[in-house]
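**Q** please find the sequence and the predicted model below.
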Amino acid sequence: MSKKTKCKSGAGEEGTDQLRINYENDTPGQGKDKKMKFKDFRKKIDESQDSVNYEVPGSDTDILYIEKPEVQNRVNAFIKAVAKNPTLNVYETLAKVRVKLNGVGLDFEPPKHGDPQEMMEFPLSLYGGRTGMGDDGQYINDDGLEARTGRRWVLKVSSEETEEGYILTPSVNAVEEKVVEESWLPEDIEVDENFDLAEGDAEARELEMFLTNDAQIYRSRLQPIYKNLVTKMAQGKYDDKLAVKAFMYAVDDAAKKYTKEYDAPGAKWTDVFDKKTRMAVATTLASEFKDEADLGNYDDMLPKKYRS
């Protein structure tokens, strides 16, 4: 027990100071020699932040340049180590992989439920992608990686079920774009050139607005379509009807996603947006693309050999 100190009663300044001193001396961690000033606390935080290693282990290469083979290899080794142990919760492990990738500027949207597939693939973005107005006055909405590296990037995850749980093998990979030939679209979509986005077609306008403002559909569907079509134009193989067929893929994806997010549970997307409505949207998108492409607004998506 500490020695009692006689002090003045009341709330006078001298009595209050003595009570504070008694408290600091009698309470563990509160002594004068153990107190930390706020400026010292801030300095300690700054020092700890400065000590964080933002480079790939064993390399002095900037880890943001995933297109460099040595960086890609080290990042892959890094995330494989995170998922090396069998797990009963695949989605928890994927979340850990995401955290590690976030540390090197990469991001993906992992699933939150459902049965794991033997091979899963997730589009990657740099810092969540870019959205806004570019220096040239053009609207930008992309993954932030392709514009710099010239390729799309994905996280591929293989899953093997064992008695101890699932073994995941994640890896970051570049997507090699292929220019498809005349068989690039199925033949089961009939194009009616008379379809148009009528002034009073509220469903079609709603679907078009949803599609063109959805970042995930833009990256996974519209961008590849734009690239294929602008390449076809450069090759002299562009076909208006095939263009409409191409945009139907994006329109159907948008209709499914819209129905799932905004309509009643159990609603069928083909009932919410019938074929005529979807075809009208696809036709409008193809027409708008053609107008913009003729002005050269998609030239940056052309393979290098076709750029003037």
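**A** Okay, I see it. Not measured: the values here are computed from a predicted model.
**Q** all contacts plus neighbour counts: C-alpha atoms, from now on.
**A** OK.
**Q** buried ones in stretch 251-268?
**A** 251-252, 254-259 (16 or more other Cα atoms under 10 Å).
**Q** could you do stretch 121-131 as well?
**A** Burial within stretch 121-131, assessed by neighbour count using 16+ other Cα under 10 Å, is assigned to 121-130.
**Q** any low-confidence regions in this protein?
**A** Counting by pLDDT under 70, the chain shows low-confidence ranges at 1-64, 114, 133-139, 176-200, 308.
**Q** and stretch 299-308, C-alpha only, in CSV?
**A** Coordinates of the C-alpha atoms in stretch 299-308 are reproduced here as CSV (Å, rounded to 0.1, in the frame of the first residue of the first chain):
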residue,chain,number,x,y,z
ASP,A,299,-8.8,4.0,-81.9
ASP,A,300,-7.0,3.6,-78.6
MET,A,301,-8.5,0.1,-78.3
LEU,A,302,-7.0,-1.0,-81.7
PRO,A,303,-4.1,-3.5,-81.7
LYS,A,304,-0.9,-1.6,-82.3
LYS,A,305,-0.4,-2.9,-85.8
TYR,A,306,-3.7,-1.2,-86.9
ARG,A,307,-2.9,2.2,-85.3
SER,A,308,-1.9,4.9,-87.6
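**Q** residues contacting the closest residue to residue 112 other than its chain neighbours?
**A** Nearest non-adjacent residue to residue 112, counting by Cα to Cα, 6 or more residues apart in numbering: residue 91, 6.1 Å away. Residue 91 makes contact with 110-113, according to Cα atoms under 8 Å, 6 or more residues apart in numbering.
**Q** how far away is residue 91 from residue 216?
**A** When Cα to Cα, to the nearest Å is the yardstick, residue 91 and residue 216 sit 20 Å from each other.
**Q** now do residue 281
**A** As for residue 281, its distance to residue 216 is 18 Å (criterion: Cα to Cα).
**Q** kindly report the same for residue 100.
**A** Per Cα to Cα, residue 100 is found 22 Å from residue 216.
**Q** likewise residue 117?
**A** Taken as Cα to Cα, the spacing of residue 117 relative to residue 216 amounts to 21 Å.
**Q** so which of these two has more stuff around it?
**A** residue 216 (16 against 11; other Cα atoms under 10 Å).
**Q** residues in contact with the helix or strand hosting the more buried one?
**A** With elements delineated by DSSP states H and E, residue 216 resides in helix 215-217, which encompasses its position. Helix 215-217 is touched from outside by 141-142, 211, 250, 253-254, with contacts defined as Cα under 8 Å, 6+ apart.
**Q** looking at those, spot the one nearest residue 165.
**A** Among the contacts of helix 215-217, residue 253 lies closest to residue 165 (Cα to Cα), at 33.2 Å.
**Q** that closest one - nearest residue in space that isn't next to it in sequence?
**A** Residue nearest to residue 253 in three dimensions, not counting chain neighbours: residue 217, with 7.5 Å by Cα to Cα, 6+ apart.
**Q** contacts for the lengthiest helix in the chain next, please.
**A** Longest helix in the chain by number of residues, with DSSP state H as the criterion: helix 240-262. Outside of helix 240-262, the residues within contact range by Cα under 8 Å, 6+ apart are 185, 189-191, 193, 207-208, 210-211, 217, 221-222, 225, 229, 267-270, 272-273, 278-279, 281-283, 285-286.
**Q** what's the PyMOL line that selects buried ones from those residues?
**A** In PyMOL, this line selects whichever of those come out buried by 16+ other Cα under 10 Å:
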select buried, resi 191+207+208+210+211+217+221+222+225+229+269+273+278+279+281+282+283+285+286
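**Q** circling back: make JSON lines out of the buried residues of stretch 251-268 and add distance to residue 74.
**A** Below are the buried residues of stretch 251-268 laid out as JSON lines (distance: Cα to Cα, whole Å):
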{"residue": "251", "distance to residue 74": "39"}
{"residue": "252", "distance to residue 74": "39"}
{"residue": "254", "distance to residue 74": "37"}
{"residue": "255", "distance to residue 74": "40"}
{"residue": "256", "distance to residue 74": "38"}
{"residue": "257", "distance to residue 74": "36"}
{"residue": "258", "distance to residue 74": "39"}
{"residue": "259", "distance to residue 74": "41"}
